[in-house]
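Undergrad: build me a structure from this.
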Amino acid sequence: MNNSQLTAKQLNIINLLHRFRFLTSSQIQKFLNNKTTRLANYYLKTLNTQNYIGKHYTRTLGEGNQPAVYYLTTGSIKALEVNPDIQKAKLKYIYREKIRSKQFISHALFIVDYHLYLVTESTKSNHQLHFFTKTDLQAHPYIIHPLPDAYFARVDTAGETKRYFVEVIDEGAPRFALRKRIEQYNDYIESGRFEKVTTHTFPTILFICPTIGIMIYLKKHLGRIYEETSLDQVDIYLATQEGAFSSNWEKIEAVEE
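TA: All right, here's what the predicted structure looks like:
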């Protein structure tokens, strides 16, 4: 099958996997707005047979059947490189997708779930949502490096826009790495690069934590240094993964001595 034989839905699936890296069959069904799994499964089976995509699928006794997780394989490269916005060199990651760690995959799937949650909430509140994955952000060199997990903007009915950087912390992340990431944001804020390039105010930073313990540590650390750094120029919020889906965010304030 060549690119001209791919349907719009199949090309959409390939592009979604390029943007989000890993997707479950149920997540793909939601993206395609299919009410049943039949059509989505048909598209996925065809792409898998033709080596555009691969899948992880396991049956574990006592846990029930988990949805298959899909990723790009080497056959997708030709379908993607015809896109003038995608550099061929940026597609080398596809050769290693099959052997990504479980933590990497879980991290990617969480970001998909959070995106789908934002889509639902934005529809309910009549907001327009613009969501950029880490892959999308590669085209914007003025964004902080290493890149955040996501950047999104929500526009209300009055035309007011609120912007956000999203940082999803993995379970087991060492505390020195968390402190280093906060230092990187402080340096980025001090540089004024985002405002100079975009002419927008600096986005709110959202830290999504895997546990209450990590969230408490981050809250204390940020509170201690908040007014001593450029971090106090921006809004920072923390939540657990569960809290992020229920809008249960805690705003960082300076700790009073």
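
Undergrad: tell me where the model's unsure across this structure.
TA: Applying pLDDT under 70 to the chain flags residues 1-4, 35-36, 58-65, 255-257.

Undergrad: what about the longest helix in it?
TA: helix 102-124 (DSSP state H).

Undergrad: buried residues, that helix. List them.
TA: 105, 107-112, 114-115, 118, 122 (16 or more other CB atoms under 10 Å). C-beta coordinates here come from the backbone N, C-alpha and C atoms, glycine included.

Undergrad: just checking: what are the partner strands of the longest strand along the chain?
TA: For the chain, the longest strand by residue count, based on DSSP state E, is strand 161-168. Sheet pairing for strand 161-168, assigned by DSSP bridges, gives strand 150-155 (antiparallel), strand 204-209 (parallel).

Undergrad: please tell me I have it right and Y117 contacts S246.
TA: No - Y117 lies out of contact with S246 (CB atoms under 8 Å); the separation is 9.7 Å.

Undergrad: what helices or strands is the longest helix of the chain leaning on?
TA: In terms of contacts (3 or more CB pairs under 8 Å, 6 or more residues apart in numbering; DSSP states H and E), helix 102-124 is packed against helix 8-20, strand 23-24, helix 25-31, strand 128-133, strand 150-155, strand 161-168, helix 241-244.

Undergrad: now the first one: buried residues?
TA: Translated: helix 8-20. So, applying 16+ other CB under 10 Å, buried residues of helix 8-20: 9-11, 13-14, 16-20.

Undergrad: that older thread, can you add distance to I53 and give the helices and strands packed on helix 102-124 back as JSON lines?
TA: As requested, the helices and strands packed on helix 102-124 are exported to JSON lines (distance: least, CB to CB, whole Å):
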{"stretch": "helix 8-20", "distance to I53": "6"}
{"stretch": "strand 23-24", "distance to I53": "9"}
{"stretch": "helix 25-31", "distance to I53": "10"}
{"stretch": "strand 128-133", "distance to I53": "17"}
{"stretch": "strand 150-155", "distance to I53": "22"}
{"stretch": "strand 161-168", "distance to I53": "24"}
{"stretch": "helix 241-244", "distance to I53": "27"}
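
Undergrad: of all the ones you listed, which lies closest to Y70?
TA: When these are compared for distance to Y70 using CB to CB, the nearest one is strand 23-24, at 5.4 Å.
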